[in-house]
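> structure for the following, please:
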Amino acid sequence: MRARPMLFVAPSAVAAVAAALLAGVAEAFTSGAGWWTGVSVAAYAAIYSVPAGLIASLLVRALWRSWAPLAGEGAPDPARAAGGLAFAALAILFVAAAGWTAAAAAGSLTHVPRLAALTVALGAVAAGAIAALVSSPASRGLAALARRHTVAAARLPDAAAVVASVLSLLLWPIAPYLAVQAIALIAAHRVAAHLPRGDAR
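Numbering: from 1, shown residues only. Next comes the predicted model:
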């Protein structure tokens, strides 16, 4: 019984370390400050990024396991989970776009930091409220579309990984280290899940 928590934590720990290493290499190449300086900065960042990656990995895997009755093998309606996943991705993009638009508007309309922050917050809250209002019909519509194209439950984890990787790639212009770390975390778990006797889902 004591080994079961360690079996759950171990894939996340390995993935977090591997992701931090890959992100560090990317930071060293893209920083433009020289290889040694990039490696030093990446090593310092790993002190924080490895625990953060471990916690994020454990939380996401626990959340995915809680969705297993709807999204896993033998699920009664995998299209419903696919519709929810697709809507979640679109909602994240919508809120991010609203926040970005509000930030651009605030930058051109005011130079008062608090007013600019309030503008961005109101834009994000408004977008989140709109997404919440349309969540039910939009998810049902996307689920119907998934049923029409016969989405298999076995493909949902890989589909979720692709969607999460694309969303993580959006961080590249402002935070390449975090973008590489997130994509590496996702890739490490999907590779581990396809290995014999893997348990990294």
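
> what is the helix or strand where R114 lies packed up against?
Element membership for R114, per DSSP states H and E: helix 113-148. On a contact count with 3 or more C-beta pairs under 8 Å, 6 or more residues apart in numbering; DSSP states H and E, helix 113-148 meets helix 78-109. To be clear about C-beta, it is placed using only N, CA and C from the backbone, and glycine gets the same treatment.

> tell me the average confidence for the helix it packs on?
Averaged over helix 78-109, pLDDT sits at 78.

> got the buried residues for it?
78-91, 94-95, 98-99, 102-103, 106 (16 or more other C-beta atoms under 10 Å).

> on that earlier part again, after the helix holding R114, next one along is what?
helix 156-169.

> residue closest to the middle of the protein?
Centroid-nearest residue in the chain, with C-alpha atoms, centre = their mean: A164, separated by 4.5 Å.

> so what's it closest to, chain neighbours aside?
Leaving aside its chain neighbours, A164 sits nearest to I186 (5.4 Å; criterion: C-beta to C-beta, 6 or more residues apart in numbering).

> how many residues are close by the one you found?
Taking other C-beta atoms under 10 Å as the criterion, the count of residues near I186 is 22.

> walk me through the domains of the protein.
Domain assignment for the chain by automatic domain parsing gives 1-66+176-201, 76-170.

> where does pLDDT dip in this protein?
Low-confidence segments of the chain (pLDDT under 70): 1-4, 31-35, 38-39, 66-78, 110, 149-156, 195-201.

> phi, psi for W172 please.
Dihedral angles phi and psi of W172 (degrees, to the nearest 10) take the values phi -60, psi -40.

> correct me if wrong: it contacts I183.
No. With contacts counted by C-beta atoms under 8 Å, W172 stays clear of I183, the gap being 9.4 Å.

> who has more neighbours, the two?
I183 (23 against 15).

> any idea how far the more buried one lies from G141?
For I183, the distance to G141 (C-beta to C-beta, to the nearest Å) stands at 29 Å.

> my guess is V50 contacts V17. True?
Yes. Checked against C-beta under 8 Å, the pair V50 and V17 is within contact range at 5.9 Å.

> returning to that earlier point: and for W172 and I183, which residues touch both?
Shared contacts of W172 and I183 (C-beta atoms under 8 Å, 6 or more residues apart in numbering): none.
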